[in-house]
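**Q** what's the 3D shape of this:
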Amino acid sequence: MEISILRIGQTEQDALESVQKNLAEAFPKAQTVILKDVMGLAPKAYDAKRKQYYSSLLLTLIREYAEKIDADRILGITNVDLFVPRLNFVFGEAENPGKVAIVSLYRLRPEFYGDRADRTLFLERAAKEATHELGHAFGLSHCSNPLCVMSFSNTIHAVDNKKREFCPKCSLQLFRMIR
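**A** Below is the predicted model:
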């Protein structure tokens, strides 16, 4: 099984490499690769009133790309702010279960919240959200354990409080789904 990471728009290489390394740990049975292709940001996904990109539309475009290359799972990573209509923003979104997921790095940066830049904290947040969204793509739901990577995060504090790993219950479910 292969997890492919697709850059969407301008995204830092070190962030992609950090996510790749962490996904290899979170999903040890999968090979993780960073695709050479870069998907452009679709103008039709941009909502000028909100100044954000509609993540579900970007997911559709990632799915179309995935079908062309026959990928097992694709995680899109972008630096733009994402939303779904019923929420102010999302850190990411995924088909559950499905082939595709997307994560935004935009609100994972400490500077977004007026804090000083902290690359280690930023990359840790990115790893958690990438693992979380791919967990959905593999069929996992949100977990009630606030420390599990699959717990729902609608604030940056919730992201910071959870771990990068699946709790034993989610880990067992994932193992059953993957094998």
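**Q** what segments of the protein are strands?
**A** For the chain, strands defined by DSSP state E occupy the ranges 2-8, 31-39, 46-47, 52-54, 73-78, 82-83, 92-94, 100-104.
**Q** list the buried residues of the first one.
**A** It refers to strand 2-8. 3-8 (16 or more other Cβ atoms under 10 Å). Any C-beta I mention is one placed from the backbone N, CA and C, and that applies to glycine too.
**Q** L174: which of the residues you listed is nearest?
**A** Ranked by distance to L174 (Cβ to Cβ), these are led by I3 at 12.9 Å.
**Q** format the buried residues of strand 2-8 as JSON lines; extra columns: pLDDT and distance to M39.
**A** Shown next, in JSON lines, are these (pLDDT from 0 to 100; distance: Cβ to Cβ, whole Å):
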{"residue": "I3", "pLDDT": "96", "distance to M39": "16"}
{"residue": "S4", "pLDDT": "97", "distance to M39": "12"}
{"residue": "I5", "pLDDT": "98", "distance to M39": "11"}
{"residue": "L6", "pLDDT": "98", "distance to M39": "6"}
{"residue": "R7", "pLDDT": "98", "distance to M39": "7"}
{"residue": "I8", "pLDDT": "97", "distance to M39": "5"}
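**Q** how about JSON lines for those, with distance to E64 added?
**A** Shown next, in JSON lines, are the buried residues of strand 2-8 (distance: Cβ to Cβ, whole Å):
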{"residue": "I3", "distance to E64": "18"}
{"residue": "S4", "distance to E64": "14"}
{"residue": "I5", "distance to E64": "17"}
{"residue": "L6", "distance to E64": "12"}
{"residue": "R7", "distance to E64": "16"}
{"residue": "I8", "distance to E64": "13"}
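**Q** pick out the most distant pair among those.
**A** I3 and I8 (15.6 Å).
**Q** kindly compare burial across the strands of the chain and name the winner.
**A** strand 100-104 (a mean of 28; mean count of other Cβ atoms under 10 Å).
**Q** and the residue of the chain positioned farthest from its centre, how far is that from R179?
**A** Farthest-out residue of the chain from its mean C-alpha position, per Cα atoms, centre = their mean: K49, at 24.4 Å. Per Cβ to Cβ, to the nearest Å, K49 is found 46 Å from R179.
**Q** longest helix anywhere in the protein?
**A** helix 119-137 (DSSP state H).
**Q** now it against strand 31-39, angle please.
**A** Counting by axes from the mean of the first three to the mean of the last three Cα atoms, to 10 degrees, helix 119-137 lies at 100 degrees to strand 31-39.
**Q** can you list the buried residues in helix 119-137?
**A** Applying 16+ other Cβ under 10 Å to helix 119-137 flags 121-137 as buried.
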